[in-house]
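Colleague: how does the following fold in three dimensions:
(chains A and B)
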Amino acid sequence: MEPRHHTIFCVDMVHFTSQASDFHQRVARDGMYRALRRAFLRALLPWYSPWRRHREDRGDGALILISASVPTVRLLKALPHLARELAVHNATTNVGVHIRLRAAMHAGEVAHDPHGVSGKAVNDAFRLLDAPEFKAEVDKTNAPLNVIVSESFFNDVVKQGGPSNHPEQYRPLPATFKRRGPVQAWMRTFPAPEPPRHRVGVPRRLGGIAVVGAVALPLLSLVPGEPRPPFCDRPPVQVRVRVSPEKAQVVQALTDSFESGYHQGTDGCRAADVNVVTASHAGGIEESIREGWLTRGPARATVEQAAATTLQATGSEVSDEADVWLPDSSLEIEQLREALRAQRVGTVTLDVRGSVAGSRLVVGVPRPMAEKLRLLDRGDRLLTWNEVLSWSRRGYFFGRANPRTSSTGLAATAALYRAALGRDVLSEEALDGTEAAKRLHAVEQAVARDDDEPERLLCAVRASRPGSDLHDRTAVLVSQKTLIDYRRGDSLDGRCPLPPGAGQPDLLTFAVQGETPLFDHPYVVINRTPPMSPERRRVVDDLYAFLRGPEAQQRLREAGYHDVHGQDPDPPQDVLVTPRLLDLAGKIHYGPLLEAWDRVRRSAAVLMAVDVSPAMDASFPGAGGTRLAAAETAIRRSRRLMGARDQIGVWTFARDLDGGRDHREQVPLGPPDPAQDDRFAKVRLRPGGSGTVLYGPIRKAVRELRRSGGAREEGSADEPTKALIVIADGTDDGGNARERAARLRAELPDGPPVRLYILAFHSGSCEDGLEELAQAGGGACYPIDDMTAMRKALDGVAAGLWGNPP
Amino acid sequence: MGFASPAVRRAVAAVAAASAAMAVAAACTSAEQDGADDGVGRIVFADSRDTTRGRQIKRLVDQWNDQNPDERVEMVELPENSDDQRAQLVAHAQDASADRDEDASVGPDVCYDVISIDIVRTAEFARWGYIVPLSRREFDADAFLPRPIEGASYNGKLWGIPLRSDVGLLYYRKDVLDRAGARVPTSWAELRRQAMSIAPANNMAGYVTQLGAYEGFTVNAMEAFWDTGAEVLGPDGEILAEPSALRPGISRLAQGVAEGWIPQEALTFNEEGARSAFQDGSVLFMRNWTYAYQVLNSSGSRVAGRFGVAPLPMSSSLGGWNLAVSRCSRHRATARRFIKFLTGFESQRTLFTQTGVAPTRKALYDNPQLQRAYPHLAILRTSIDRARTRPVTPYYDQVSSTIQSRLRRAVTDPKVMDRELAALRTDMLRAADGR
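Modeller: Numbers count the residues shown, from 1 in each chain, chains lettered A, B, ... in the order given. All right, here's what the predicted structure looks like:
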């Protein structure tokens, strides 16, 4: 074959063989080739197409011949790219595989033969490469690339091409060839350029994109088949997402899918990194303000103020900021905004984009309960709230999550309270007052559990024993999605696996006709000062679009949600008729609601002590005609105020009532179960004793309450409110009444609190010291002169126990 | 400056600060950051949640603040979970960088001057320029244990100073082994034998470790790979994850689960989960980090005084946290000085004695008092010196996720092992390339 003119480029790695293993060598060679390839492609030099170049491997180096049809100046243009690629390699690898390259450039006639290539030009190129003077100069620098060119190459190519070839950067280097003596050569050193500065997203100067584009397009035409993308020169944009436990699993899967398919630009590099945190709201919305997911550290009004305060090691709450928040419902957003306003946080605003999924509040009823209540006789699965409330009066219970920590718990509580009070808006005024206190207390007494999250509630149901209240007689108010998960045997919050072969109570799905609270699963962007970068905002916008797109929406339906167009979950569920949906937004005053919930669910331990002295046999305007008859009525009415978790007991007292003692226990303090009801039914108040007495029995009753009447369940945080209701004449005909009264008054605050309510028949008793006494015990005294006064007194007691303090 | 009145001093300081700031700004808008290296002033220190008894880190910060009123440190606590913490640091670093380009003032809410980072993140943070290299000489790198210093190095440069080191240890029920006349296992095979015989005889589970869906799983997988002669990535990020090489390692974990001596619960465990199970007294062996030692020995622990600690019967991963200086920091001189303080001998002694986490300075291991008081100190040192580093790559996060998602499936369901190992290699090729 005829010799042809070629540009000759050969390289050798510096001092490589002194490095250790084969492994290191291989890795460094790979790095060298990668750098050469990238530099060549960048400079529009042929790499893949063998008919325009010839490549030979030389162990620690390589020989590349470029045909005359390719402009030689491109090789010069490749050199800075090569230097940069080598520098990047060195910057991102361990010392053991760092590369420094010697390169030589020459041009001349080259012959190809079956053994390879030959010719004087090739030999000269290698002599330049290996010249001892060149090696000595290279040893003096750390530069990744040093190039030596022949005199002819320097004159014909470098200088000829003008200033853009930077001939001034070359310095003369007399070289000695073996067997030939000195020749003139020229050398240039390419130092490591500045390490690439991290730039996120699209480079600011549009020229950056233009360059990449310009290289990519001609490459495609020059080199059919394999445009290799450049290395990734910027990190993925970090986005932080906070999600409710119910959606956590499906959202994590969706963001993984988003990340792996999301690339910007043509280089195929990952452009986004989404970190998902599950927000378990123990503590609720108020905690969120103190926690750092909205702002860092204590809430600050402005950045300037923050800078002005003396920075201390605050040891503040954990800073776990989020860019995107995915709560279950807009109720939480309302709540959070209310709290932000109350705490005057001005640096954070919430930007609500729209829904990504939908779910509703449903009622899960155990099959035996549904059968007993004949709920399956009707064709649809619709109930009314009044019906649901009536179950509590028939000995059934509710389960719902804690309204402070769970969106669905909040919705369930609001729905129950609205129905119980017959009110559309649960304002502070609606929740106030004795009537409200009594009704809401009755509702809460039927609530069996207050788990932080619905998943925990359903986990308890799953584990409950057959025959127990939770297993057979408790209806759960949860989101449709959670109930779907339960019925599918899902592990709920990941901590409640259903072992294979094991059973669980069968919960049937019902919806409430007319008013089913909905959960709209909004996508909320958290805007702070200073605002997020445009790059992050773009990813946040794209993530929202992705979640509303067909792939994500289908997966959300499979996870048990309605999609944003209202389509049912997939596969479809029992409740086929779409009930009228209720948007609770604007109907709840969160502060008052949660405060009411706290107080109406307090259980009470109430001891009723009834004076049965002869004075109580006096006539009294009311059914039965005597004071004692009125007292019996009072006992029964009080009994009805009590719920499943309260306790009630009855004493009677009079002077010398019971063989030297002044009091007798009629019904021991205990929960109003059937046995207790039985005892109550048997209570008959008959006058006895020799005269009135008051302070002694009160003292003993208080002691009894302090001794027993503690929390019913071990470890329960629900310490009941203790109260003593004294229904008495109001006099004490023993001596030293005043001193004994004073002593009792001093004693009362001395110990765990017991409220003292005195219903006094003898006129003037309250003013005459009993009011003072009762107040010392945190209670009140009520003069009873007719049944109206009696009713008011009992209302007062209820208000005292579960209502708003006056 | 003692002669001037406070007002004048403040004014002078303000002018000096302003000109320094202008000088810094001018220097920074052009190229890199010579001026910023000498900046002095208030800084923000971001650490993970201080769960130490008595909040020791915060106390040290308070001590610094008392002594350095003009260079106060504000401490920010980040989430305990390593991934969540990383997301916070990266987001802030990206925000700080974006602001910097526009020459705007980076507010104190954005730039964390000193950060504490998990050693596996060294490559990522160095590569993307979130942190600046530190001088070995200035920080006296030779005074620290060599492995943690390696873990803070990348590309021949030092990117952080090790604050806490950590290594996996074998916790074992000494009372049970003594009764059985057995010695502490020194190989995986021995561990397995004892877990299959001694544990059930004492009504205990054999071995618990962290196999949940998080970094802990990667740690355990890597330890199994190293012990069977395999490696996942080469020193430059080269993919070595051949299915045939990885199979023996992952199989031993799968086998343990299938044979029952690694209980199913372990597949959900993190460090606390495993520790809790061991502390209940129902497990014979546990792999866990150094922190567990003090907790298990505290009053109220059922296993206090009944357990021992030994090197893992296989290679251990090197864990630990390094303190680094963020590129966005304008007060780098203060930052560096603070790092020296927090990693100084006294601070490390306090942290070790109060929290039990392994120190990083050689001097503490050579201290005779500490050696007497803490006999397991020697085991810690040996274990750290022999510990292995997890794959070094700027894409560690992605690489680790790939290992977790593919290989956890293989451990729970050995039938899919071949498929998942093959998929791992494919995924890894993309992950390690940033794609």
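
Colleague: once you drop chain neighbours, what's closest to the residue in the stretch 1-150 of chain B that chain A sits nearest to?
Modeller: Residue of the stretch 1-150 of chain B nearest chain A, by CB to the nearest CB: B:Ala87 (3.5 Å). Placement of C-beta: from N, CA and C, glycine included. Leaving aside its sequence neighbours, B:Ala87 sits nearest to A:Asn275 (CB to CB, 6 or more residues apart in numbering or on different chains; 3.5 Å).

Colleague: please parse chain B into its domains.
Modeller: Chain B breaks down by automatic domain parsing into domains covering B:27-166+B:319-381, B:167-318+B:391-431.

Colleague: would you mind putting these into TSV with distance to A:Ile66, mean pLDDT and mean neighbour count alongside?
Modeller: Formatted as TSV, these follow (distance: least, CB to CB, whole Å; pLDDT from 0 to 100; neighbours: other CB atoms under 10 Å in any protein chain shown):
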stretch	distance to A:Ile66	mean pLDDT	mean neighbour count
domain B:27-166+B:319-381	32	86	20
domain B:167-318+B:391-431	28	91	19
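
Colleague: name the SS class of A:Leu607, please.
Modeller: For A:Leu607, the assignment made with DSSP: H, G, I helix; E, B strand; the rest coil gives strand.

Colleague: can you read off the pLDDT for it?
Modeller: Looking at A:Leu607, its pLDDT reads 94.

Colleague: is it correct that A:Trp458 is in contact with A:Thr482?
Modeller: Rather than Trp, residue A:458 is Leu. Yes - judged on CB atoms under 8 Å, A:Leu458 makes contact with A:Thr482 at a distance of 6.4 Å.

Colleague: list residues touching both of these two?
Modeller: Common neighbours of A:Leu458 and A:Thr482 (criterion: CB atoms under 8 Å, 6 or more residues apart in numbering or on different chains): A:Leu492.

Colleague: domain-wise, how is chain A divided?
Modeller: A:4-208, A:235-298+A:317-356+A:522-560, A:363-519+A:575-582, A:602-802.

Colleague: so which bits of stretch A:520-532 are buried?
Modeller: By neighbour count on 16 or more other CB atoms under 10 Å in any protein chain shown, the buried set for stretch A:520-532 is A:520-526, A:528-530, A:532.

Colleague: thinking again about what came up before, which one of the domains of chain A lies closest to B:Thr426?
Modeller: domain A:235-298+A:317-356+A:522-560 (12.3 Å; CB to CB).

Colleague: need the next SSE after the one helix or strand B:Ser165 maps to, C-terminal direction.
Modeller: In this assignment (DSSP states H and E), B:Ser165 forms part of strand B:161-167. Downstream of strand B:161-167, the first helix or strand assigned by DSSP H and E is strand B:169-173.

Colleague: how about the residue most central in space within chain B, secondary structure?
Modeller: In chain B, the centroid-proximal residue (CA atoms, centre = their mean) is B:Gly320; its distance is 2.8 Å. Per three-state DSSP, the local secondary structure of B:Gly320 is strand.

Colleague: enumerate every residue touching it.
Modeller: Contacts of B:Gly320 (CB under 8 Å, 6+ apart): B:118-119, B:148, B:151, B:162-166, B:358, B:360.

Colleague: surely A:Ala799 meets A:Thr434?
Modeller: Yes - at 4.3 Å, A:Ala799 counts as touching A:Thr434 under the criterion of CB under 8 Å.

Colleague: what's around A:Cys10, how many residues?
Modeller: Residues within reach of A:Cys10, counting by other CB atoms under 10 Å in any protein chain shown, total 22.

Colleague: setting aside sequence neighbours, what's the nearest residue to residue 131?
Modeller: All of this is about chain A. A:Ala131 sits nearest to A:Ala175 (CB to CB, 6+ apart), 3.9 Å away.

Colleague: try chain B instead
Modeller: Leaving aside its chain neighbours, B:Ile131 sits nearest to B:Ala324 (4.2 Å; criterion: CB to CB, 6+ apart).

Colleague: what residues are up against the residue in the stretch 251-400 of chain A positioned nearest to chain B?
Modeller: Relative to chain B, the nearest point of the stretch 251-400 of chain A is A:Asn275 (3.5 Å; CB to the nearest CB). Going by CB under 8 Å, 6+ apart, A:Asn275 touches A:238-241, B:83-84, B:86-87.

Colleague: need the phi and psi values for B:Arg72.
Modeller: phi -70, psi 150 (degrees, to the nearest 10).

Colleague: and the pLDDT for A:Ala776?
Modeller: For A:Ala776, the predicted pLDDT is 86.

Colleague: what about it, how many neighbours?
Modeller: Neighbour count of A:Ala776, defined by other CB under 10 Å: 15.

Colleague: isn't it up against A:Leu748?
Modeller: Yes - when contacts are counted by CB under 8 Å, A:Ala776 is listed as touching A:Leu748 (4.6 Å).
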